[in-house]
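J.: Coordinates only, no sequence provided:
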C-alpha cells in the first residue's frame, strides 16, 4: 500500500471506530488533500485491494478489513521481558466487544504467572491503552523498560507492587524503578485467530 493510501485508510478506520464515517471532503481534510478527485482515486485503489467498499452514498465508504484489534507484541506473565513495539497484524475481532471507547490492542501472553486469574501462556491479553489504573486492576506495565502483565497494587504510603496470580512468583516491588503503565487488561482471547 502506498504511503498516501495508508494514511487515507487509517483515517477511514479511525473514523469508523469512532462511529463517524467520513465524506470524501472530510477524508481529504484529514490527510491534507484539497482535490476530491485525488481522494476518490486513492479510495478506488483501496477498493481494488479489497480493503474498503465504495457504496456511492455521501458517507459511503465501508471498511472491509482493518477494524480488528492490533496485535502489538508479546507481554510476560512471568519474569519481565522487553515488549515488541511493532504491530504484528490485527486480530479479526471487533474491539467494541471489550471496550466501548479508547484504543484497544492485543498482546500475546508468554509465561504462567497469571494462571490463577485465568490468563494462560499463549492467550491474547486485550489491553485498553490508558496511563492510569486503579488498585487491583490487572495492567500491562513496563518496569525499567521491560513489559509485564500483573495485578497493580498500591500499598501504604503509595508504594506500588505488581502482583502475580500464581504463588510461585513473588510480587515485584517497584520502589524507585521506572514504572510506566501501558494499559488496563479488559479481556482475553484464547486459541488461534487469523491475523489480517
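T.: Nice, I can see it. Quantities reported herein were computed from a predicted structural model and do not represent experimental measurements.
J.: what about the closest residue to residue 2 other than its chain neighbours, distance to residue 180?
T.: Nearest non-adjacent residue to residue 2, counting by CB to CB, 6 or more residues apart in numbering: residue 45, 7.5 Å away. The C-beta positions use only the backbone N, C-alpha and C, and glycine is treated the same way. Separation of residue 45 from residue 180 (CB to CB, to the nearest Å) stands at 39 Å.
J.: Ok, residue 174 next?
T.: If you measure residue 174 against residue 180 using CB to CB, the figure is 11 Å.
J.: and the two? which has more neighbours close in?
T.: residue 174 (17 against 12; other CB atoms under 10 Å).
J.: what's the single longest strand in the protein?
T.: When the chain is scanned for its longest strand (criterion: DSSP state E), the result is strand 179-189.
J.: Quick check: which element contains the residue nearest to residue 2?
T.: Taking DSSP states H and E as the criterion, residue 45 maps to helix 36-48.
J.: that older thread, what about the residue nearest to residue 2, how many neighbours?
T.: Around residue 45 there are 17 residues (other CB under 10 Å).
J.: And for residue 103?
T.: For residue 103, the neighbour count with other CB under 10 Å is 14.
J.: what's the closest non-adjacent residue to it?
T.: residue 129 (4.2 Å).
J.: Residue 107 is in contact with that neighbour, correct?
T.: No - counting by CB atoms under 8 Å, residue 129 does not reach residue 107; the two are 11.1 Å apart.
J.: Comparing these two, which residue is more hemmed in?
T.: residue 107 (25 against 15).
J.: Next, the contact list for the more buried one, please.
T.: With contacts defined as CB atoms under 8 Å, 6 or more residues apart in numbering, the neighbours of residue 107 are 71, 72, 73, 74, 75, 83, 124, 125, 127, 140, 147, 149.
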